[in-house]
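Novice: Fold the following.
(one chain, ligands or ions: 1)
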Amino acid sequence: MTKQLSPLYVVPTPLGNLKDISERAREVLCSVAWVAAEDTRHTAPLLQHLGSPARLLAAHEHNEAGAAGSILAKLAAGEAVALVSDAGTPAISDPGARIVARVREAGGRVIPLPGPCAATTALSAAGLEDDHWLFYGFLPSKSGQRRKVLESLLELPYTLVFYEAPHRVLETVADLAAVLGAERTLVMARELTKLFETIQRLPLGEALAWMEADPNQQKGEFVLLVSGCPQGRDDGEAERVLKLLLAENLPVKQAAKLAAAISGGSKNALYERALALKG
Ligand code: SAM
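Specialist: Below is the predicted model of the structure:
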């Protein structure tokens, strides 16, 4: 009879604030034999902070296939392994998916813990009322390719969620406005859970100037969220009604509700559109 593999735990870690480690994550990280980490130097202080005696092994983008083999060998030897990335949830724009796939293929049990993730943390505070959202993660680094991807997302009525690095954030915001349109709403969630956390909501057309005016707003880690493409049975009709109601000085929420009822359009999309029109 083949021996059962020990479980692989997938463990999210704090985005910045160490207090965001869950009780369960602490328990798992302190009880497993091994922690497979994206950067062992980065994770060592976290384990020390938690008082975990677990040994570290490297599992990063460039050795993921090899790391999967070592992890399987440990699981087969009866040693439990926890998989972590530098921050947030493994396999979300981070290494991890290949390791999980290998363990599953081998018949192993993968136990995911819920926890910090920059995308969901940003979404929870964005106040964008689309009913659906699409996580894209990092856009291509070259502007031409980036714009092409954005064009493919242009008509989706979903909140779009992107990750971006500080050295590219200005050019990405410029491309978001150029392709998705100046009137859609951008929520820039910067340095979440950290000292300089900023969550700024503004029309895409104003975002670049706002960020350029303050170099501090160009620093750190970013989630960029863009409201979904406004849609209705007839966008032109919905927009015409919305503008008429706003011109009568109706509150944004009421104007959106009425415009949706009259035109058959989406109330949430019309609300976002009304906010954009109001600037
Ligand atoms: N796996 C992580 C997660 O669950 O969110 C994401 C890892 S990805 C390599 C790193 C990117 O996540 C950053 O470039 C940034 O876009 C986003 N991010 C991570 N921490 C963040 C924070 N504290 N505030 C805003 N964005 C953050």
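Novice: Close to the ligand: what parts of this structure are there?
Specialist: Taking C-beta under 6 Å from any ligand atom as the contact definition, the chain meets the ligand at 15-16, 85, 87-89, 92-94, 117-119, 163-165, 189-194, 221-223. The C-beta positions use only the backbone N, C-alpha and C, and glycine is treated the same way.
Novice: Now, those residues that are in helices?
Specialist: Counting by DSSP state H, the members of these that fall within helices are Ala118, Ala119.
Novice: Weed out the non-buried ones from the residues of the chain next to the ligand.
Specialist: 15-16, 85, 87-89, 92-94, 117-119, 163-164, 189-193, 221-223 (16 or more other C-beta atoms under 10 Å).
Novice: what about the strands in the protein?
Specialist: Ranges of strands in the chain, per DSSP state E, are 8-10, 34-37, 55-58, 81-84, 110-112, 133-138, 159-164, 185-190, 198-203, 222-226.
Novice: Might you report the residue contacts of the closest residue to Leu75 other than its chain neighbours?
Specialist: Using C-beta to C-beta, 6 or more residues apart in numbering and skipping residues adjacent in sequence, the residue nearest Leu75 is Leu5, 4.2 Å away. Neighbour list for Leu5: Leu72, Leu75, Ala76, Val103, Ala106, Gly107, Gly108, Arg109 [criterion: C-beta atoms under 8 Å, 6 or more residues apart in numbering].
Novice: Which segments of this protein make up each domain?
Specialist: Segmentation of the chain into domains, based on automatic domain parsing, reads 8-112, 118-226, 235-278.
Novice: Where does this protein get nearest to the ligand, residue-wise?
Specialist: With C-beta to the nearest ligand atom as the measure, the residue in the chain that lies nearest the ligand is Gly88; the distance is 2.5 Å.
Novice: distance of that residue from Arg273?
Specialist: Using C-beta to C-beta, to the nearest Å, one obtains 32 Å as the distance from Gly88 to Arg273.
Novice: Over to Gly96?
Specialist: Between Gly96 and Arg273 the computed distance is 38 Å (C-beta to C-beta).
Novice: quick one: which of those two has more around it?
Specialist: Legend: neighbour count by other C-beta atoms under 10 Å for Gly96 and Arg273, higher for Arg273 (30 against 20).
Novice: Touching, Ala25 and Val10? I think so.
Specialist: No - with contact defined as C-beta atoms under 8 Å, Ala25 does not count as touching Val10 (10.2 Å).
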